[in-house]
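Chemist: just the structure for this:
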Amino acid sequence: MASDAAQKTILKLILSLPSPILRAMSGGGVVYKGGRTLDPRFQFFAHAAKKLPPMSTLSPAEAVAGSARGLAAVQGPLEPGVRTESLSVEGPNGPIPCRAYRPENQDSGAPLIVYAHMGGGVIGDLETCHAFCSILARICRTAVISVDYRLAPEHKFPAGLEDVLAAYRWARDNTARFGAAPVPPAIGGDSMGGNFSAIVAQEMARKGEPQPAAQILIYPAVDVASETPSMTTYADAYPLTRETMDWFMGHYMGPDADPADPRLSPDKTADLSGLAPAVIATAGFDPLNDQGEAYAKRLKAAGVPVSYRCYDSLAHGFTAFTGAIPAADAACREIAGLVREAFEART
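Modeler: Prediction:
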């Protein structure tokens, strides 16, 4: 069996092939759905994934291990000039592992960023968003703290959310340690991490605490109680299918959880006024596409400054594909640039 390094080299060579050849290797033809055309490299991964058992047929432990192996092959490297530090933050159920990212050209006037990874509340860890956190650190010229929150099914809702809230408050009280501006940090995340981030901003409002410097919501899950057209149009999309979404929520929510609870579905909160400026990004080939767009519109209607982008050719989870899909890498850098612009707009 080829080594991990050899496998990555082979994969890189395959993905460098012209788009028509990649599509021919991936079932042939262009994948066009809902008015969007799928990136040929995502098409290649989607075709390859058909040979694997669906995540919904795996145990959580198998899904954790399998996703870690898969993402390790497609994630980009740590950005040059960014150093990392392992941290332990006291949480409601003991220490929370975290990782700090510090760029060499850090701007002391930029807010800190606290980041929560994707994974449906069931999979993922600090490695899941390693490359993207370093992109945020380098382009935003600020420190980023990534949070390794507790996962279901061992720790169901609201355990993971409580860990992110605890890490956010700790970071807010320790901005000087990381050379950041003495203001509340920004909160950000993708997928379930985006869910947590939207809720953190709302929780600050509910508790009368200062708003984050910004909320960074990347293909966020903001409504687990409702049906939207994209859930049907992209029900079989790669890597997040409707069946996988149900599998995640089945493990994440306890038997007494109410899907319409704003701490599960932040889009159910009636009043969104006064919340932090938002950078919201969605993927075209994603059952969650409609949710992110709808939440962006609601925030804007409530008077919240919003920068919204939909990356039509990309799929859910693209922040983890920076080493394999150039369009995903470009999108991540544009998102980081939008965050930097949001920070500059504060002054």
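Chemist: which residues belonging to the helix ranked longest in the chain are considered buried?
Modeler: In the chain, with assignment by DSSP state H, the single longest helix is helix 326-345. Across helix 326-345, burial judged by 16 or more other C-beta atoms under 10 Å covers 327-329, 331-333, 335-336, 338-340, 342-343. C-beta coordinates here come from the backbone N, C-alpha and C atoms, glycine included.
Chemist: using PDB, write down the CA coordinates of that helix.
Modeler: What follows is helix 326-345, C-alpha atoms only, in PDB (Å, rounded to 0.1, in the frame of the first residue of the first chain):
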ATOM      1  CA  PRO A 326      -8.200  25.500  -6.200                       C
ATOM      2  CA  ALA A 327     -11.700  27.100  -6.300                       C
ATOM      3  CA  ALA A 328     -12.100  26.100  -2.600                       C
ATOM      4  CA  ASP A 329      -8.800  27.600  -1.700                       C
ATOM      5  CA  ALA A 330      -9.700  30.900  -3.500                       C
ATOM      6  CA  ALA A 331     -13.100  31.000  -1.800                       C
ATOM      7  CA  CYS A 332     -11.500  30.600   1.600                       C
ATOM      8  CA  ARG A 333      -9.100  33.500   0.900                       C
ATOM      9  CA  GLU A 334     -11.900  35.700  -0.300                       C
ATOM     10  CA  ILE A 335     -13.900  34.900   2.900                       C
ATOM     11  CA  ALA A 336     -10.900  35.900   5.000                       C
ATOM     12  CA  GLY A 337     -10.600  39.100   3.000                       C
ATOM     13  CA  LEU A 338     -14.200  39.900   3.700                       C
ATOM     14  CA  VAL A 339     -13.600  39.300   7.400                       C
ATOM     15  CA  ARG A 340     -10.600  41.700   7.300                       C
ATOM     16  CA  GLU A 341     -12.800  44.300   5.600                       C
ATOM     17  CA  ALA A 342     -15.400  43.900   8.300                       C
ATOM     18  CA  PHE A 343     -12.800  44.500  10.900                       C
ATOM     19  CA  GLU A 344     -11.600  47.600   9.100                       C
ATOM     20  CA  ALA A 345     -15.100  48.900   8.800                       C
END
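Chemist: what helices or strands is that helix leaning on?
Modeler: helix 130-140, strand 186-190, strand 215-218, strand 278-285, strand 306-315 (3 or more C-beta pairs under 8 Å, 6 or more residues apart in numbering; DSSP states H and E).
Chemist: tilt between that helix and strand 306-315?
Modeler: 170 degrees (axes from the mean of the first three to the mean of the last three C-alpha atoms, to 10 degrees).
Chemist: orientation of helix 326-345 relative to strand 278-285 in degrees?
Modeler: Using the same axes, to 10 degrees: helix 326-345 against strand 278-285 is 170 degrees.
Chemist: and helix 326-345, average pLDDT?
Modeler: Averaged across helix 326-345, the pLDDT comes to 97.
Chemist: for stretch 230-249, same thing?
Modeler: Stretch 230-249 comes out at a mean pLDDT of 97.
Chemist: one more: stretch 305-323?
Modeler: Mean predicted confidence for stretch 305-323 is 98.
Chemist: start to end distance for that stretch?
Modeler: Chord length of stretch 305-323, first to last residue, is 31 Å (C-alpha to C-alpha, to the nearest Å).
Chemist: alright, I will stop here.
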